[in-house]
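A.B. asks: missing the sequence, but the structure's below:
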């Protein structure tokens, strides 16, 4: 199971759980169906260097929404604010100790409310983003 989401400076957007690993087709579908509808002209989408993130169709979909696309340097999770959000989410999921896939999916949805606007902004500040 894989959780996909976008992190803004004040909230989590475009959450989606898929049953299995991410590949280019699944990531593109998430971008088109979940991420792009949340984008506004001038938004900046920051991605790491996972192969599925680099597809030309992904780039085109994000840029067609008027957003800018930036890639992090290789091997730099410390510069990726969403990694801190994922770490907290994983900790909360372990504490919840759910035993079925359906229960985990449901729990993820309920846990997203645990991330305050201040906390989201702090993830960006901790990763070294000057102004959010």
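C.D. replies: Cool, the structure landed. The shown structure was predicted, so the numbers you read here are calculated from the model rather than taken from an experiment. Numbers count the residues shown, from 1 in each chain.
A.B. asks: for the chain, longest helix please?
C.D. replies: When the chain is scanned for its longest helix (criterion: DSSP state H), the result is helix 81-96.
A.B. asks: touching it from outside, list them.
C.D. replies: For helix 81-96, contacts defined as C-beta atoms under 8 Å, 6 or more residues apart in numbering pick out 3, 5-7, 12, 46, 77, 104, 107-108, 111, 114-115, 120, 123-124, 126-127, 129. For glycine as for every other residue, the C-beta is placed from the backbone atoms N, C-alpha and C.
A.B. asks: show me which of these are buried.
C.D. replies: Buried residues within the contacts of helix 81-96, counting neighbours by 16 or more other C-beta atoms under 10 Å: 3, 5-7, 12, 46, 104, 107-108, 111, 115, 120, 123-124, 127.
A.B. asks: least confident pick among the residues you listed?
C.D. replies: Minimum pLDDT across those is recorded for residue 104, with 89.
A.B. asks: quick one: low-confidence parts of the protein?
C.D. replies: Along the chain, the parts satisfying pLDDT under 70 run over 131-132.
A.B. asks: where do the helices sit along it?
C.D. replies: 24-30, 56-64, 81-96, 101-111, 117-126.
A.B. asks: out of those helices, which is closest to residue 40?
C.D. replies: helix 56-64 (11.9 Å; C-beta to C-beta).
A.B. asks: and that closest one, what's buried?
C.D. replies: Buried positions in helix 56-64, judged by neighbour count with 16+ other C-beta under 10 Å: 58, 59, 61, 62.
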